[in-house]
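Visitor: with the sequence up front, the predicted model follows.
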Amino acid sequence: MEFKFQHLFAFLSVVALVGSRVHGALPSEEYWNSVLPNSPMPRAVQDLLTPSSSELLEGKSTAVGVTKGGVNVNTKPGKPGGTAVNVGHGRVGVHAGKPGRRTNVGVGKGGVTVGTGTRKGKPVYVRVNPGPNPFQYLYAATETQLHDNPNVALFFLEKDLHTGKKMNLQFSKATNEATFLPRQVADSIPFSSNKFPEILDKFSVKSGSDEAEIMKKTIKECEESGMKGEEKFCATSLESMVDFTTSKLGKNVKAISTNAENNNGDEAREYIIKGVKKLPSEKGAVVCHRQEYAYAVFYCHKTDATSVYKVAMVATDGSRAEAVAVCHRDTAAWNPKHLAFQVLKVKPGTVPICHFLPKDHIVWVAPKF
């Protein structure tokens, strides 16, 4: 699903950035570097970061004023359609877009409030992907999933992970442009089923709409108990993802994600495997899957019976990929009708089940490699 909240995402991020500076909290990137100084940030994380202060202020028509009342930033002073950021007296306000079609975001003692005007006064959405998340293993596959491009190797057997193997692959990436909110902002926004009407109201989402149902499903899946042997957590900020991972694996960890040249997930390509490297995972691994939501949320789960591989491959057009593959050695607790079993024609608990990670998913391993 693609939420068409580009202005909202961007200016929630601006609010988060300015608010973090005002209150002295570390921005997400600085928090990462302070906790994980020896772990490079993968592209999947970099793409979801809040814009930096330099990106916010760059440009020829930006006015910045500092007074006793606070800080004021205007990207188009004296002209309609600019972005105004005002900080002072315990509150942050952002106003963006042309009059009548502006996005207004306020952060104060009462939390975060959002108002956005779009076509005919309503938010605009595009495309909904039906069916359960294939990376949550308690769910049975839908008919749509079973007939959706069966030639693409979403799941495969570990015995097929070797040099010379050919696979049709799509290294997909979520189409929505939601970014991480810093923790102090994310924590001020409800994320629970019992406060769902309040969540819809904050994001101007109509109850019963496709978007509302997707958001409800994400929250529901986050609230459900994990499988036997699985420790799960839904991270609503990068800081909370880092904290969950280090609590399970320690601070001597590495985060990695799939990188693929000229592949935006719009079509499948035939790849041939050129090399396979197994990564150390004596402590298990934490895998974090991007969810569909109004801002970046990841479903993270830690399992012990997991192997992680970096796989070098080349497509028939010459483009290269360094993909991350995760193999689950214990699938006994999975739903017998899960997509993997139906596609691979195997039964739960019999053989390791593997899958490549989409480009915006993340796996964490320890120790260093």
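Guide: Ah, there it is. Residues are numbered from 1 along each chain as shown.
Visitor: so where's the stretch 151-300 of the chain shaky on pLDDT?
Guide: Scanning the stretch 151-300 of the chain for pLDDT under 70 picks out the ranges 151-153, 174-176, 263-266.
Visitor: where do the helices of it begin and end?
Guide: Applying DSSP state H, counting those that start in this stretch to the stretch 151-300 of the chain gives helices spanning 183-186, 196-202, 210-223, 238-249.
Visitor: could you save these as TSV and add columns showing distance to W364 and mean neighbour count?
Guide: To be clear about C-beta, it is placed using only N, CA and C from the backbone, and glycine gets the same treatment. Formatted as TSV, these follow (distance: least, Cβ to Cβ, whole Å; neighbours: other Cβ atoms under 10 Å):
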stretch	distance to W364	mean neighbour count
helix 183-186	18	22
helix 196-202	28	16
helix 210-223	18	18
helix 238-249	5	21
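Visitor: these: which one's closest to H162?
Guide: helix 238-249 (27.7 Å; Cβ to Cβ).
Visitor: now what about that closest one, what contacts it?
Guide: 28, 31-32, 35-36, 45, 48-49, 180, 182-183, 186, 231, 233, 235, 253, 255, 283-286, 288, 296, 298, 300, 302, 362, 364-366 (Cβ atoms under 8 Å, 6 or more residues apart in numbering).
Visitor: turn the helices of the stretch 151-300 of the chain into TSV, including distance to L154.
Guide: Below are the helices of the stretch 151-300 of the chain laid out as TSV (distance: least, Cβ to Cβ, whole Å):
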stretch	distance to L154
helix 183-186	30
helix 196-202	30
helix 210-223	18
helix 238-249	24
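Visitor: wait, which of those is closest to L161?
Guide: Judging these by Cβ to Cβ, what sits closest to L161 is helix 238-249, at 23.1 Å.
Visitor: isn't A340 up against F155?
Guide: Yes: assessed by Cβ atoms under 8 Å, A340 is found in contact with F155 at 4.1 Å.
Visitor: those two: which has the busier surroundings?
Guide: Higher neighbour count among A340 and F155: A340, with 23 against 19, using other Cβ atoms under 10 Å.
Visitor: how about the strand or helix carrying the more buried one: buried residues?
Guide: Under the criterion of DSSP states H and E, A340 resides in helix 339-344. Residues L339, A340, F341, V343, L344 are the ones in helix 339-344 that count as buried (16 or more other Cβ atoms under 10 Å).
Visitor: with stretch 155-175 instead?
Guide: Buried residues in stretch 155-175, counted by 16+ other Cβ under 10 Å: F155, F156, E158, L161, K165, M167, L169, Q170, F171, S172, K173, A174.
Visitor: what's the closest of those residues to N262?
Guide: The closest of these to N262 turns out to be F171 (Cβ to Cβ; 10.2 Å).
Visitor: rewinding a little: which one of the buried residues of stretch 155-175 is nearest A268?
Guide: Of all these, the one with the least separation from A268 (Cβ to Cβ) is Q170, at 4.9 Å.
Visitor: surely that closest one and Y271 touch.
Guide: No: Q170 lies out of contact with Y271 (Cβ under 8 Å); the separation is 10.4 Å.
Visitor: run a quick neighbour tally on M41.
Guide: For M41, the count of nearby residues is 16 (other Cβ under 10 Å).
Visitor: mind checking the SS state of it?
Guide: The three-state assignment at M41 reads coil, by DSSP: H, G, I helix; E, B strand; the rest coil.
Visitor: skipping its backbone neighbours, what lies nearest it in space?
Guide: Spatial nearest neighbour of M41, excluding adjacent residues (Cβ to Cβ, 6 or more residues apart in numbering): W32 at 5.9 Å.
Visitor: count of residues packed around the one you found?
Guide: Around W32 there are 21 residues (other Cβ under 10 Å).
Visitor: model confidence score at it, please.
Guide: We have a pLDDT of 95 for W32.
Visitor: quick check: phi and psi at it.
Guide: Torsion angles at W32 (phi, psi; degrees, to the nearest 10) stand at phi -60, psi -50.
Visitor: how about it, what does it touch?
Guide: Taking Cβ under 8 Å, 6+ apart, we find W32 in contact with S39, M41, V45, L238, V242.
Visitor: who are the neighbours in contact with I353?
Guide: I353 touches F155, L157, E158, C327, H328, T331, W334, A340, F341, L344, V346, counting by Cβ under 8 Å, 6+ apart.
Visitor: my guess is the first one meets C354, correct?
Guide: It refers to F155. Yes: taking contacts as Cβ under 8 Å, F155 lies within contact range of C354: 6.9 Å.
Visitor: distance of I214 relative to M241?
Guide: To M241, I214 is 21 Å away according to Cβ to Cβ, to the nearest Å.
Visitor: just to revisit the earlier point, quickly name whichever of the buried residues of stretch 155-175 is closest to A315.
Guide: L169 (8.4 Å).
Visitor: the closest residue to the closest one other than its chain neighbours: neighbour count?
Guide: Once flanking residues are discounted, L169 sits nearest to Y271: 5.3 Å by Cβ to Cβ, 6+ apart. Neighbours of Y271 under the rule other Cβ under 10 Å: 26.
Visitor: who does Y271 bridge with?
Guide: Applying DSSP bridges to Y271 gives these bridge partners: M167, A315.
Visitor: distance of it from N168?
Guide: For Y271, the distance to N168 equals 8 Å [Cβ to Cβ].
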